[in-house]
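Novice: With the sequence up front, the predicted model follows.
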Amino acid sequence: MASMISVRDLHKTFGKDIHAVRGVDLDVDEGEVVVIVGPSGSGKSTVLRCLNMLETPTFGTIEIDGVDLTASGADLDLMRAEVGMVFQQFNLFPHLTVLDNVTLAQRKVRGRSKADANAEAMRQLTRVGIPEKAGAYPKQLSGGQKQRVAIARSLAMGPKVMLFDEPTSALDPEMVKEVLDVMLELAAAGMTMAVVTHEMGFARAAADRVIFIDEGLFVEQGPPDEMFDRATEQRTIDFFDKILAH
Amino acid sequence: MPQFATAGPHGAEPFDHDHRPDTSAPRWGSRNDTTAWYDTFPWWAIVVGLILAWLAALVIWDAGYNRAFDRIIPGLWLTIRATLWSFAISCVVGLFVALARTSRNTVARNVARSYIELIRGIPILVLIFTFALVVVPEASAALGQPNRISTEWRAILALSIIYAGYIAEIFRAGIQSVDRGQIEAGRSIGLSRRQTTQAIVLPQAFRAVVPPLGNDFIAILKDTSLLSVLGVLDLTQRARQYSSGSFKFRDSYLALAFIYLSLTVILSLLLQVVERRLSPDREGAH
């Protein structure tokens, strides 16, 4: 089966001195859930942000569903509609209601009618469990609710891939579960997902593969149990020792 | 609430919106636990109110002031017209200059920056003279057109291009105050750069620029008095004419000050209402 995501020799530098990603290869199959972990500054978010070209790679190629995003003339706007992205800081549009947050791109990018967009938005809001908040503004929501709206906003575009950039890191502890539950449901429904997170419980429950990244390079990867319990690289072992200590 | 330095040429406006008589705002009431009511009471509003009342009384009951007022007030319509046109034009031009100033295009960015620096580096009065008496006539000549632009419109256009430079900086600050994550979120759901700017950045930027834009509206109103140097019959020019003919300087200029002060007080009160209307859903962005 062809890869949904295919990355070859990805490099990303910031300025002259910072070489955040130093040659990464990544293949994610359709329906596969990949969790990327690593210490802060290891380049994990940068890799993820390259996958929908929020960061332009310095070198290397990225293909999503067979389309090369790094080719000149690639229609990035069209591609981004196919790749959902969920941010640590939610980034809901504060001047729009929840419903308008979820319908905006459907109407402007997909050209859907207002009625169609609203129907799809309500479907996705129901899926993430907060249809009753459709008329609310983002500031009236809790962090967990905001993140679920952000997920619905991406899902409404019918993405082929969902990227999650530390989706629960800005949440109060009691709200982490409601967001992870939505993500687990998505994974179970067969969504292709690349997730940067420190939630190892999620990784254990939903990930097909865990990738440990350090200093801009993939150090080691494998199924979650294998990575947590039988990692071979010392850096990987040290990292999991620290975050799985409790 | 985002705070910007007042971009107008005169610094803080007389009715500083940070000092409105809203004692419920915690940062004014809670400097320390023992702050008494008279520390936060808006004494300035009492002072300004008393001065306005005194001037109003003079204008109403004193025959000399009353006569001066009657001779000056016909200029009100021109002052208002010049203010509204200048504000409208400078907002439109200023928005485009701000978009150019924040664009990724190096040429556009530098053209916009040059314009802003030129405008801000030359006194308003000098710009008004230069535009009305040099630029417009010479441009007309170069185009082979007879000089058909009226003095009033030269004055309005001069004020417009000047304030476009100041207002562009307000818009720029507003655009740049929008969190970068907002743009990323817009792009990540497939919106183009233009769609993101139109649907996400500008609506949020507009909310942020209402207070400084209001300040500049008031600043334009006051600066229309500079247009009197071109001889247009605004409030100030009428006061100058009446006073130089009658030598009643005190009557003329106090009546004139009364008119301007009334206008700016009314406007700043209106501005506060507008700001409060806009405030409910502008915070708690994320």
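Specialist: Great, that's in hand. Predicted, not measured: the structure shown is a model, and the values here were computed from it. Residues are numbered from 1 along each chain as shown, chains lettered A, B, ... in the order given.

Novice: For the nearest residue to B:Ser225 once chain neighbours are set aside, give me the pLDDT.
Specialist: Once flanking residues are discounted, B:Ser225 sits nearest to B:Thr236: 3.9 Å by C-beta to C-beta, 6 or more residues apart in numbering or on different chains. For every residue, glycine as well, the C-beta is placed using N, CA and C. B:Thr236 is assigned a predicted lDDT (pLDDT) of 94.

Novice: same deal with B:Thr264?
Specialist: For B:Thr264, the model assigns a pLDDT of 95.

Novice: where in the stretch 151-286 of chain B is pLDDT low?
Specialist: Residue ranges of the stretch 151-286 of chain B with pLDDT under 70: B:279-286.

Novice: residue ranges for the helices of it, please.
Specialist: Per DSSP state H, counting those that start in this stretch, the stretch 151-286 of chain B carries helices over the ranges B:151-177, B:180-188, B:193-196, B:202-223, B:235-246, B:249-278.

Novice: which helices and strands sit right next to the first one?
Specialist: For helix B:151-177, the helices and strands in contact under the criterion 3 or more C-beta pairs under 8 Å, 6 or more residues apart in numbering or on different chains; DSSP states H and E are helix B:76-101, helix B:106-121, helix B:124-130, helix B:202-223.

Novice: returning to that earlier point: list the residues that contact the residue nearest to B:Ser225.
Specialist: B:Gly75, B:Thr224, B:Ser225, B:Leu227, B:Ser228, B:Leu256 (C-beta atoms under 8 Å, 6 or more residues apart in numbering or on different chains).

Novice: Return the distance of the lengthiest helix in chain A from the chain's centre.
Specialist: The residue-count maximum for a helix in chain A (DSSP state H) belongs to helix A:173-188. Relative to its chain's centre, helix A:173-188 lies at 13 Å (C-alpha atoms, centre = their mean, to the nearest Å).

Novice: Report the rounded mean pLDDT for that helix.
Specialist: So the average pLDDT for helix A:173-188 ends up being 95.

Novice: so, in contact with chain B or not, it?
Specialist: No: applying C-beta under 8 Å from any C-beta of the partner chain, one finds helix A:173-188 out of contact with chain B, separated by at least 13.9 Å.

Novice: Give me every residue in chain A lying close to chain B.
Specialist: Near chain B, when you scan chain A using C-beta under 8 Å from any C-beta, you find A:52, A:54, A:77-78, A:80-85, A:87, A:89-95, A:104-105, A:108-110, A:137-139, A:146, A:150, A:153-154, A:157.

Novice: would you turn the helices and strands packed on helix B:151-177 into a markdown table with mean neighbour count and distance to B:Ala45?
Specialist: Shown next, in a markdown table, are these (neighbours: other C-beta atoms under 10 Å in any protein chain shown; distance: least, C-beta to C-beta, whole Å):
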| stretch | mean neighbour count | distance to B:Ala45 |
| --- | --- | --- |
| helix B:76-101 | 20 | 24 |
| helix B:106-121 | 14 | 32 |
| helix B:124-130 | 16 | 29 |
| helix B:202-223 | 22 | 16 |
